[in-house]
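>>> dropping the sequence and predicted coords here.
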Amino acid sequence: MAGKIFLHGGGDKAESRVATFGLFAAAALRQPTNKLALVIAEVDETAAQESWQAYSVIFTAVNVPIEQLLPLFVTAAQPLTYEMVAQANPAGLFVCGGMTPTYHQAVCADTSWTRYLQETGIPYGGTSAGAAIAAQSAILGGWQATRQNVAREILFMGAGEGIDPLTVRPGLSLVPFAVDVHASQMGTLSRLIHAVELGLVAEGWAIDENTMLMVNGRSHQIFGAGHCYHVQRGSGGVAVTIHTAGE
């Protein structure tokens, strides 16, 4: 079975790095020879290199030597594969953040690579887009929901990931629930509520920035500065519970 799953809600406050990114790195890198694979999906080479530099800074700041960081650059035309991951032979795999539809095309096109996680038991981590696509049913974006054939706003357009309608597609199935990110900061909790109420997903977690939800089998733990919102159907409709670190 796969190892622990670390879902980060996005953002990068320096004071929260150790409790979130550092938590994942410590779980993955047990030996000085271990490598941490950073999966980066961008539309062009310049953006990919900028992302690599940004995440290098984050992980070196939590005491991961640069020599232990291995970038895996993927695109929709050249998606992540089992062979790529196996050749890298990482002790942990972290999917970085960016546009969720772009990451979905590049990382979820061929999900057979997740077999490597199951075979080795290494941890998976993802921030923002990398967390969203870990779901069985992945919320790719959208800022409108349709009822009675009328599309209505559910959050501000800038949080729509370039998509108008609330859009759900098959994800990596590393966790059985949907994931939305930047919850309090970008108002995406409302999108998850609509997704559950409309039956697009059965349940989900909306994660704040600078906050990590760690999933280990049926166990859930929260780390970092913000909230995690659990959204599910209740007897009277959609129910939301709020959780913070230490619970």
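Looks like it came in fine. Numbering: from 1, shown residues only.
>>> find the helix or strand that V43 is a member of.
Assessed by DSSP states H and E, V43 sits outside every helix and strand.
>>> got the contact list for it?
75, 102 (C-beta atoms under 8 Å, 6 or more residues apart in numbering). Yep, even glycine has a C-beta here, placed from its N, CA and C like the rest.
>>> how near is it to G126?
Using C-beta to C-beta, to the nearest Å, we find V43 at a distance of 19 Å from G126.
>>> do the same with D208
Going from D208 to G126 by C-beta to C-beta gives 15 Å.
>>> go ahead and name everything in contact with the longest helix seen in the chain.
When the chain is parsed with DSSP state H, its longest helix is helix 45-61. Applying C-beta under 8 Å, 6+ apart, the contact partners of helix 45-61 are 12, 14, 17, 21, 25, 36, 38, 40-42, 66, 69, 71, 73, 94, 96, 98.
>>> again, only this time at 6 Å
Residues from elsewhere that reach helix 45-61 (C-beta atoms under 6 Å, 6 or more residues apart in numbering): 17, 21, 38, 40, 42, 66, 69, 71, 73, 96.
>>> again, but for stretch 81-97
10, 28-29, 34-40, 51, 55, 70, 110, 112-113, 116, 122-130.
>>> in the sheet, who's paired with V231?
Beta-bridge partners for V231, by DSSP bridges, are G204, V240.
>>> which residues in this structure form helices?
21-28, 45-61, 82-88, 100-107, 114-120, 129-132, 183-186, 189-197.
>>> any regions of the chain where pLDDT drops low?
Low-confidence segments of the chain, defined by pLDDT under 70: 1-2.
>>> which one in it is furthest away from the centre?
The centre of the chain is farthest from one residue, Q148, which by C-alpha atoms, centre = their mean lies 31.8 Å away.
>>> rewinding a little: report the buried residues of the longest helix of the chain.
For helix 45-61, the neighbour count (16 or more other C-beta atoms under 10 Å) marks 48, 51-52, 55, 58-59 as buried.
>>> and which of those residues is nearest E161?
Among those, S51 lies closest to E161 (C-beta to C-beta), at 16.3 Å.
>>> so E203 is in contact with F177, correct?
Yes - using C-beta atoms under 6 Å, E203 is in contact with F177, at 4.9 Å.
>>> which one of these two is surrounded by more residues?
F177 (22 against 17; other C-beta atoms under 10 Å).
>>> against T244, how distant is the spatially most central residue of the chain?
Against the mean C-alpha coordinate of the chain, by C-alpha atoms, centre = their mean, the closest residue is A131 at 0.7 Å. Here A131 is placed at a distance of 18 Å from T244 (C-beta to C-beta).
>>> wait, G204 touches A178, no?
Yes - G204 lies in contact with A178 (C-beta under 6 Å); the separation is 3.4 Å.
>>> which strand residues bridge H227?
Here H227, judged by DSSP bridges, has bridge partners T244.
>>> run a quick neighbour tally on it.
18.
>>> then G126?
Neighbour count for G126, taken as other C-beta under 10 Å: 27.
>>> quick revisit: got the angle between the longest helix of the chain and helix 21-28?
Angle, helix 45-61 to helix 21-28, by axes from the mean of the first three to the mean of the last three C-alpha atoms, to 10 degrees: 80 degrees.
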